[in-house]
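Asks: here is the input, now give the coordinates:
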Amino acid sequence: MSDDPYVPLGRRPQAVRLGEAVYGSQETTRWFMQHVREVAPTADVWRGDGPVWELPRALRDLDGVRVRGGGGRSWTFAEMLADTDTDAVLVLRDGAVVYERYFGAMTAHTPHLYQSVSKSVGACVAARLIERGLLAPETPVTEVVPELAGSGYDGATVRHLLDMQVGVRFSEEYDDDDAEIARLDRLYGFRPRRAADEPGSSYGFATETAPEGEHGRVFHYVSLDLQVLGWVMERAAGLSVPDLITREVWDGLGGEHPAYIALDAAGAAQLEGGFCSSLRDLARFGLLLCRGGVGPAGRVLPEAFIADGEQNGDREAFRRSDYGDVIDIPEPAYRNNFWTASFDDRTVLMGVGIFGQFLYVDRAAGFVLAKFATWPQFTDDLLFAHQFWAARSLAQSLA
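Replies: Here you go, the predicted model:
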């Protein structure tokens, strides 16, 4: 990791074009993560007209603080940031900024792709619609979107989507160009097309899926679930996903910078991984969760939704999954499109995305860590463990 720009500002790597591979070299991927709007169609997510949620500064030099890493490693926080290819990191303690750093071309106002941390934003929208009575966790998806009858989503409920327990045939193997996740990327224009109808509609893709397994038994990580959730929410509320994010979450967040979400070629928002904002506004989202759903002007999210995520993760369903024996965190589970870990007297919430996007919220400690990164590969269990254990160590140190 270097303080010199990875890619000069304003210069697009020649390889990055819509319809070609935006996930190429690490340099190419890093540029794309900070310039999604220059490559893909997008829609604005408005911050609202309220005041910015001020984050007081109580800066501390954390570079030399010893933190734990994956596999029991001990190193400094600065060493962890370097080895996990950090683009930017911000740490909050009791709502105050204690550490904030940007690397390369990344700045405080640069929007960065959340990848699958977007799923957590989407779940918060669903929580608001459930609170409004427009949806219920037990609502069958085909009741709202009849087009999904006969697909792998037939018989699934909103709860199954929120907890990723849908029995649908779908492979999330990012390095396999024949996997369903690769097809989803082609529909977005992020990989070279194979057929005349690519790019196309992620909603249409969902109608073509096949069932595999039983709904509600196993944690089965499927990015397409969030596209289906977006479709269900749009039908239930009569608004687009970008407008729903604005109305239900971002308008009450007190954000500082513009946000947006990428669209597929048919205009559907990439709720599973296309949200982009500045690091400070990701940290504000974490602070909203940390404070039980209360933002600068009052309640935004139902506190019961956040508590449900902390308390009701299905650990057995997680143990039965492909992730059950590979993730180095204590008592892992997945609930309401957040990853959770439980230790001591608490459960922490995490938003997690490929290439190292990471949000860690420890309500008991009043601690939030928001981190953007560009790893050399899509996923890395060890790098994820490094980020988790460093966050936990910092929370303990600051307490």
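Asks: and residue 317, what does it touch?
Replies: 163, 165, 216, 217, 218, 219, 333, 334 (CB atoms under 8 Å, 6 or more residues apart in numbering). Yep, even glycine has a C-beta here, placed from its N, CA and C like the rest.
Asks: drop anything exposed from these.
Replies: For those, a burial check counting by 16 or more other CB atoms under 10 Å picks out 163, 165, 216, 218, 219, 333, 334.
Asks: how about the nearest residue to the residue positioned nearest the centre of the chain, chain neighbours excluded?
Replies: Geometric centre of the chain, nearest residue: residue 117, 0.6 Å, by CA atoms, centre = their mean. Leaving aside its chain neighbours, residue 117 sits nearest to residue 351 (3.6 Å; criterion: CB to CB, 6 or more residues apart in numbering).
Asks: who does the one you found bridge with?
Replies: Beta-bridge pairing for residue 351 (DSSP bridges): residue 359.
Asks: my read: it touches residue 369, true?
Replies: No. Using CB atoms under 8 Å as the test, residue 351 is too far from residue 369 to be in contact (10.9 Å).
Asks: any residues in contact with both of these two?
Replies: Common contacts of residue 351 and residue 369 (CB under 8 Å, 6+ apart): 286, 358, 359.
Asks: which of these sits closest to residue 325?
Replies: Nearest to residue 325, judged by CB to CB, of the shared contacts of residue 351 and residue 369 is residue 358 at 21.5 Å.
Asks: isn't the closest one up against residue 387?
Replies: Yes. At 4.9 Å, residue 358 counts as touching residue 387 under the criterion of CB under 8 Å.
Asks: identify the contacts common to those two.
Replies: With CB under 8 Å, 6+ apart as the test, residue 358 and residue 387 both reach 371, 373.
Asks: buried residues in stretch 173-180, which are they?
Replies: 174, 180.
Asks: please name the nearest non-neighbouring residue to residue 91.
Replies: Nearest non-adjacent residue to residue 91 (CB to CB, 6+ apart): residue 99, at 4.1 Å.
Asks: now the element after the helix or strand harbouring that neighbour, going C-ward?
Replies: Per DSSP states H and E, residue 99 falls inside strand 96-102. Using DSSP H and E, the next helix or strand after strand 96-102 towards the C-terminus is strand 112-113.
Asks: show residues contacting that next one.
Replies: For strand 112-113, contacts defined as CB under 8 Å, 6+ apart pick out 32-34, 36, 87-88, 106, 262, 273-279, 282, 353, 357, 372.
Asks: distance from the chain centre to it, please.
Replies: 10 Å (CA atoms, centre = their mean, to the nearest Å).
Asks: average model confidence for that strand?
Replies: In this model, strand 112-113 has a mean pLDDT of 98.
Asks: what strands flank that strand, and is each parallel or antiparallel?
Replies: For strand 112-113, pairing defined by DSSP bridges yields strand 275-277 (antiparallel).
Asks: tell me the contacts of the nearest residue to residue 277 once chain neighbours are set aside?
Replies: Spatial nearest neighbour of residue 277, chain neighbours left out: residue 259 (4.0 Å); criterion: CB to CB, 6+ apart. The neighbours of residue 259, taking CB under 8 Å, 6+ apart as the test, are 44, 45, 47, 111, 250, 275, 276, 277, 278, 281.
Asks: write down the beta-bridge partners of residue 259, one by one.
Replies: residue 45.
Asks: please report how far it lies from residue 134.
Replies: From residue 259 across to residue 134, the span is 23 Å (CB to CB, to the nearest Å).
Asks: ok, now residue 127?
Replies: Distance from residue 127 to residue 134, by CB to CB: 11 Å.
Asks: equivalent analysis for residue 343, please.
Replies: Taken as CB to CB, the span from residue 343 to residue 134 is 36 Å.
Asks: which of those two has more neighbours?
Replies: More crowded of residue 343 and residue 134, by other CB atoms under 10 Å: residue 134, with 16 against 11.
Asks: now that one, nearest residue through space, not along the chain?
Replies: By the measure of CB to CB, 6+ apart, the closest residue to residue 134 outside its immediate chain neighbours is residue 236, 4.7 Å from it.
Asks: helix or strand next in line after the helix or strand the one you found falls within, which one?
Replies: Here residue 236, judged by DSSP H and E, is contained in helix 224-237. Using DSSP H and E, the helix or strand that follows helix 224-237 in sequence is helix 241-248.
Asks: can you map out the strands along the stretch 51-200 of the chain?
Replies: 66-68, 74-76, 86-93, 96-102, 112-113 (DSSP state E, counting those that start in this stretch).
Asks: could I get these as JSON lines with distance to residue 143 and mean neighbour count?
Replies: Formatted as JSON lines, the strands of the stretch 51-200 of the chain follow (distance: least, CB to CB, whole Å; neighbours: other CB atoms under 10 Å):
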{"stretch": "strand 66-68", "distance to residue 143": "46", "mean neighbour count": "18"}
{"stretch": "strand 74-76", "distance to residue 143": "51", "mean neighbour count": "14"}
{"stretch": "strand 86-93", "distance to residue 143": "40", "mean neighbour count": "24"}
{"stretch": "strand 96-102", "distance to residue 143": "45", "mean neighbour count": "18"}
{"stretch": "strand 112-113", "distance to residue 143": "33", "mean neighbour count": "26"}
